[in-house]
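Novice: no sequence on this one, just coordinates:
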């Protein structure tokens with residue numbers, strides 16, 4: 001009986017070791033994939049694809065309590081003005097929802113662009129862009145109505161890969177991008193969050 005119990009215990013320990021080794025391999029593989037994918041997200045986002053397009057889309061972000069765009073949102077809007085002045089497109093969609101501060105992001109964005117010299121008739125509001133996927137859906141409908149084929153996505157660098165994925169899921173083939181020129185410490189959190197968010201969109 002003692003021998004049998006010893007053999008059982010030894011077999012159990014071996015199985016535990018095998019399980020632990022396999023678990024470590026899986027965890028290490030996931031970590032390596034996370035690093036590779038995160039590097040791709042950052043590199044892809046920082047490498048702007050600047051080509052003349054039919055329309056640009058600026059994704060919304062926080063509006064401050066005083067009703068002014070946050071620094072992150074200003075950076076996105078300033079990039080859209082820069083490229084508009086550069087002749088890359090003639091129309092701009094501003095996309096956002098009503099944030100917890102109570103402001104309609106799209107309306108705030110529109111006002112900011114008008115103050116920067118963008119003609120009112122060149123700005124289109126999407127007031128239901130509560131996330132990137134909804135923005136892609138809404139933009140697709142607007143582009144169909146206007147018979148447009150190409151779009152320039154303007155957002156922060158870590159957000160670009162997932163947004164392009166969402167747009168391509170709407171069968172928009174000509175999707176280009178430019179990143180807002182702002183870098184913050186909180187980008188670390190945002191970059192980490194993009195890893196699961198990307199695959200959520202991929203399998204959506």
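Specialist: Now that the structure is in, tell me what you want to look at. Small disclaimer: the values here were computed from a predicted structure and weren't measured. Numbering: from 1, shown residues only.
Novice: which residues in this structure form helices?
Specialist: Using DSSP state H, the helices of the chain run over 2-46, 71-85, 105-115, 132-146, 160-168, 187-202.
Novice: Compute the inter-axis angle for the third one and helix 71-85.
Specialist: Note on geometry: by axes from the mean of the first three to the mean of the last three Cα atoms, to 10 degrees, helix 105-115 and helix 71-85 are set 50 degrees apart in direction.
Novice: Same check on the fifth one?
Specialist: Here helix 160-168 runs at an angle of 60 degrees relative to helix 71-85 (the same axes, to 10 degrees).
Novice: ok so, going back, rank the helices of the chain by pLDDT, which is bottom?
Specialist: Of all the helices of the chain, helix 2-46 carries the lowest average pLDDT, namely a mean of 80.
Novice: packing partners for that helix?
Specialist: Taking 3 or more Cβ pairs under 8 Å, 6 or more residues apart in numbering; DSSP states H and E as contact, the helices and strands that helix 2-46 lies on are helix 160-168, strand 174-179, helix 187-202. Where C-beta positions appear, they are placed from N, C-alpha and C, glycine not excepted.
Novice: repeat that for 6 Å
Specialist: Helices and strands touching helix 2-46, by 3 or more Cβ pairs under 6 Å, 6 or more residues apart in numbering; DSSP states H and E, are helix 160-168, helix 187-202.
Novice: deepest of those helices, which one?
Specialist: For these, the largest average neighbour count (mean count of other Cβ atoms under 10 Å) is found in helix 160-168, namely a mean of 22.
Novice: That concludes my questions; thank you for your assistance.
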